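Participant: Coordinates only, no sequence provided:
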């Protein structure tokens, strides 16, 4: 199963982790010793929406908010589920069947060398993935790349340029020739689903600004 490491919540006896859902996007799963709840993440505002039936008296907004904050920048790994343990005050790790498990995934992004090296490059000592550092390095790459400059001059779509930058950086870190289009698409979608917003927001803003300034000079 593709999910993040489970983290212990402070406001209650529960653990939370983020996972990829078969329905698309990311979900937050919260496990107590006796109950379990899954929430989908609204990419527009970062809020959580119940995925199926949820006990509101147990899974309060305070608990959900802490779960979001605790898992916000954790990278995906291939891990077993966290199971609820009855007659115990803790929640243990273990393998169980999960209706949200992403068994339908055709492209194994998580096991790819590109993903492993990319995550390692931008993960800090607390195992948090730094979108700030990632965007900073990608912007630096874009600023000095003659290929990117030419693509901007040719008025290529921002998303096309983003794909070129991400493919180039991932290939460099993995020391290979680069990803095919399908893996690249899945790679970007995976990084996006790890975040409560667009993973490459700052990079896209930089490219739009650079394109705007170049267009003004060309008039």
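Facilitator: Structure's in. What do you need? Everything numeric here is computed off the predicted structure, so don't read it as measured data. Residues are numbered from 1 along each chain as shown.

Participant: need the strands for this protein, in chain order.
Facilitator: For the chain, strands defined by DSSP state E occupy the ranges 2-3, 7-8, 15-20, 26-31, 36-41, 48-50, 77-78, 82-83, 92-93.

Participant: Minimum distance to residue 118: which of those has it?
Facilitator: Shortest separation from residue 118 across these is recorded for strand 77-78, at 13.3 Å, computed as C-beta to C-beta. In short, each C-beta sits where N, CA and C put it, glycine included.

Participant: Which secondary structure elements does the closest one sit against?
Facilitator: strand 2-3 (3 or more C-beta pairs under 8 Å, 6 or more residues apart in numbering; DSSP states H and E).

Participant: Next, please give the residue ranges for the helices of the protein.
Facilitator: All helices of the chain, identified by DSSP state H, fall at 61-71, 113-121, 131-144, 146-153, 158-174, 181-194, 201-217.

Participant: What residues sit buried inside the last one?
Facilitator: With burial defined by 16 or more other C-beta atoms under 10 Å, the residues of helix 201-217 counted as buried are 202-204, 206-207, 210-211.

Participant: Which strands and helices lie in contact with that helix?
Facilitator: Helices and strands touching helix 201-217, by 3+ C-beta pairs under 8 Å, 6+ apart, are helix 131-144, helix 146-153, helix 158-174.

Participant: So which residues make contact with it?
Facilitator: When contacts are taken as C-beta atoms under 8 Å, 6 or more residues apart in numbering, the neighbours of helix 201-217 outside the stretch itself are 131-132, 135-136, 138-139, 142-143, 148, 152-153, 155, 158, 161-162, 165, 198.

Participant: before we move on, what about the second one?
Facilitator: Among residues not part of helix 113-121, those counted as contacts by C-beta under 8 Å, 6+ apart are 75, 109, 129, 134, 137, 169-171, 173-174, 176, 179, 183, 187, 190.

Participant: Looking at the residues you listed, spot the one nearest residue 43.
Facilitator: The shortest distance between residue 43 and any of these, using C-beta to C-beta, involves residue 190 and amounts to 13.7 Å.
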